[in-house]
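**Q** Quick one, structure for this:
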Amino acid sequence: MSEKEKIIVDDVEHTIEDLTQEQKYMIAQIRDLQNKVSQAKFMVDQAQAALNVFTTSLSQTFKKEEEKKDGSK
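**A** Numbering: from 1, shown residues only. Have a look, this model is predicted:
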């Protein structure tokens, strides 16, 4: 016998199959939004890492220019 899927709302456990269609729909929306928030955080982490790489790369180009100027004197 498989255990029925449950959800806890306001410290009360509810069996999913006993919920109304409206409640099931809201649960589906919440789960989808949780996934979207998680994906958005993942994308922000990637963008931040890329931003850091380009910022560091730009900074290094100026250091190379300074080294060339200092070496040619």
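
**Q** tell me which element K64 is part of?
**A** For K64, the host element (DSSP states H and E) is helix 21-71.

**Q** whoops, I mixed them up, E13
**A** Using DSSP H and E, E13 maps to strand 12-15.

**Q** tell me the mean pLDDT over that strand?
**A** Mean pLDDT, strand 12-15: 97.

**Q** hmm, who's touching that strand?
**A** K4, E5, K6, I7, I8 (Cβ atoms under 8 Å, 6 or more residues apart in numbering). To be clear about C-beta, it is placed using only N, CA and C from the backbone, and glycine gets the same treatment.

**Q** Which members of these are positioned in strands?
**A** Among the contacts of strand 12-15, the members found in strands (DSSP state E) are K6, I7, I8.

**Q** who's the residue lying closest to the last one once chain neighbours are set aside bridged to?
**A** Read it as I8. Setting aside the residues directly before and after it, I8 is nearest to H14 in space (Cβ to Cβ, 6 or more residues apart in numbering), at 7.4 Å. Taking DSSP bridges as the rule, H14 bridges to I7.

**Q** Tell me how far H14 lies from A49.
**A** From H14 over to A49 the distance is 40 Å, taken as Cβ to Cβ, to the nearest Å.

**Q** try E67
**A** 27 Å.

**Q** any weak-confidence spans in the chain?
**A** Across the chain, the ranges flagged by pLDDT under 70 are 1, 72-73.

**Q** Just the terminal-to-terminal distance for stretch 4-23.
**A** 16 Å (Cα to Cα, to the nearest Å).

**Q** ok now it, how far from the chain's centre?
**A** 27 Å (Cα atoms, centre = their mean, to the nearest Å).

**Q** Most neighbours out of the contacts of strand 12-15, which is it?
**A** I7 (15 neighbours; other Cβ atoms under 10 Å).

**Q** Now do the same contact list for that one.
**A** Residues in contact with I7, defined by Cβ under 8 Å, 6+ apart, are E13, H14, I16, L19, I27.

**Q** separation between the first one and L58?
**A** Spelled out, it's E13. With Cβ to Cβ as the criterion, E13 and L58 are 54 Å apart.

**Q** what's the answer for A40, then?
**A** A40 is 26 Å from L58, by Cβ to Cβ.
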